[in-house]
Structure formats: C-alpha cells, structure tokens
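Undergrad: this one's structure only:
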Ligand code: ATP
C-alpha cells in the first residue's frame, strides 16, 4: 500500500522518518510520499523557505528508498487544503488502490479544524502514530464518534478497502519535534541524534534557525 505523509517539515527530522519506517513495517507500506505544505492556516509560518524545506527533505531521504516527495502544495501560489491534494492523488491513483494518510497524534487532535475533515476518509485511510504527551483514551467528542465508527484494530484490514478506515498505531513514542530542534539550534546545541547529518550540515551552511 502507498501512503502520504503531510507536514511542514521545518525541518524534517528522525521523528518523521522513524514514524514512517515503523508504520511501513507494521502496516505493510511500500512507499511513503512526503507532502510538504505551504503554510497550514492553523499555525505560524515556517522559518525556512519553501526551497530550504524541500532541499532538507531531499537530503533526508536520499538514502531512504521508502520515501519520495510530492511538492504539489509547495508549487501552488496559495496555501491549499489537504483534502484537495488527497482528492487529486486519488484521481491519479484510480478508485481501487488502497491509500493511507499518516498523521501524528497531535495533528490528529487538530483534525476538526481542517477543511471538510470528515471527507478525508472518502479518499484514504488515516494512520495515526502515537506521540508522547497525548493520551489515546480521550479524543475530543467530534473525533470520538468518528473514530468509533471507523477504527480497525488489525492493520491487514486496511489492505481490504481503498479508503475509509482509521488505524491507531501504538509505537514506541519519539520525543523529537521540529520545535525542539529549532530551539536547540537557536541555543547552539547539538541536534545530531535528532535529524540526519546531511540536514544538520545544510542548516548550518544556510545559517537557519539561529
Ligand atoms: P513542529 O514542532 O514545528 O510543530 P513537528 O515536529 O510536529 O513540527 P510537522 O512537520 O509539523 O513536525 O509534522 C508532520 C507530521 O508528523 C504531523 O502529523 C506530526 O504529528 C507528525 N510527527 C512529527 N514528529 C513526530 C514524532 N516524533 N512522533 C510522531 N509523529 C510525529
């Protein structure tokens, strides 16, 4: 199965890559397409430019054949909705191939603020990865009923339908975040355990996040 993984990637880090790799193993994903967004309407603008974010992703995945990039949202002149991209990718893929969209638990909790969020499952499954500090027992009410009606417990079920299911993966939580990395870089602290060396070298060369 193919999966999409949206994010700001400001910068991309091991938390993203490890989540993708763990889900690939658990669910059976052959390919994960990173879908960097221009600027989500619900958060502050990225510090790195579009070109810098794209270069960091290219560097991070150059030796990771599982991952590819789809830069369609960055090439648009205005911010776009995830739903629009999902719809377009589903059109390209055809109606039968299973497709999944990957989210961390924090992003999943923001879902009710996304444009027509309930329609996301018309085009793909949702794969949610646990994140430290977020409980999986208490989703807010609109998510609770949505979740209850569509959750599958066995990842194999996701291969039996092209879209429409939610799967929550309890993975060893990773405390890495782009916020933590930006803060550490501003304090001139090392991030070598947190992101690929090639990305860290590029950040230094560009003088980013100082
Ligand atoms: P920031 O700290 O700037 O908010 P971030 O580290 O959350 O950034 P994003 O690019 O915003 O990174 O995240 C893209 C997606 O990856 C989101 O769905 C997010 O939940 C998920 N994600 C990022 N880091 C992790 C992690 N360590 N564990 C699980 N999911 C993660």
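TA: Okay, I see it. Small disclaimer: the values here were computed from a predicted structure and weren't measured. Numbering: from 1, shown residues only.
Undergrad: What residues sit buried inside the one helix or strand in the chain whose mean pLDDT sits lowest?
TA: Least confident helix or strand of the chain, by mean pLDDT, DSSP states H and E, is helix 141-150 with a mean of 87. Residues 143, 146, 147 are the ones in helix 141-150 that count as buried (16 or more other C-beta atoms under 10 Å). For the C-beta atoms, the positions are set from N, CA and C on the backbone; glycine is no exception.
Undergrad: So what's the gap between it and the chain middle?
TA: 21 Å (C-alpha atoms, centre = their mean, to the nearest Å).
Undergrad: What separation is there between the residue in the chain positioned nearest to the ligand and residue 74?
TA: The ligand sits closest to residue 104 of the chain, with a gap of 2.0 Å, by C-beta to the nearest ligand atom. The spacing between residue 104 and residue 74, counted by C-beta to C-beta, to the nearest Å, is 20 Å.
Undergrad: again, but for residue 33
TA: For residue 33 relative to residue 74 (C-beta to C-beta), the value is 13 Å.
Undergrad: And for residue 205?
TA: Going from residue 205 to residue 74 by C-beta to C-beta gives 21 Å.
Undergrad: Looking at the two, which one has more neighbours?
TA: A direct count of neighbours by other C-beta atoms under 10 Å for residue 205 and residue 74 places residue 74 higher, at 18 against 8.
Undergrad: got the contact list for that one?
TA: Residues counted as contacts of residue 74 (C-beta atoms under 8 Å, 6 or more residues apart in numbering) are 36, 37, 38, 50, 53, 54.
Undergrad: Now render those as CSV, adding neighbour count and distance to the ligand.
TA: Output for the contacts of residue 74, formatted as CSV (neighbours: other C-beta atoms under 10 Å; distance: C-beta to the nearest ligand atom, whole Å):
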residue, neighbour count, distance to the ligand
36, 23, 8
37, 21, 8
38, 18, 13
50, 15, 14
53, 24, 9
54, 19, 13
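Undergrad: which among the residues you listed gets closest to residue 120?
TA: Ranked by distance to residue 120 (C-beta to C-beta), those are led by residue 37 at 14.3 Å.
Undergrad: surely that closest one meets residue 6?
TA: Yes - counting by C-beta atoms under 8 Å, residue 37 touches residue 6, with 5.9 Å between them.
Undergrad: joint contacts of these two?
TA: Any residue near both residue 37 and residue 6 by C-beta under 8 Å, 6+ apart counts here, and that gives residue 82.
Undergrad: what number of residues lie near the nearest residue to residue 13 once chain neighbours are set aside?
TA: Of all residues not flanking residue 13 in the chain, residue 195 sits nearest, at 4.2 Å (C-beta to C-beta, 6 or more residues apart in numbering). Residues near residue 195, counting by other C-beta under 10 Å, number 25.
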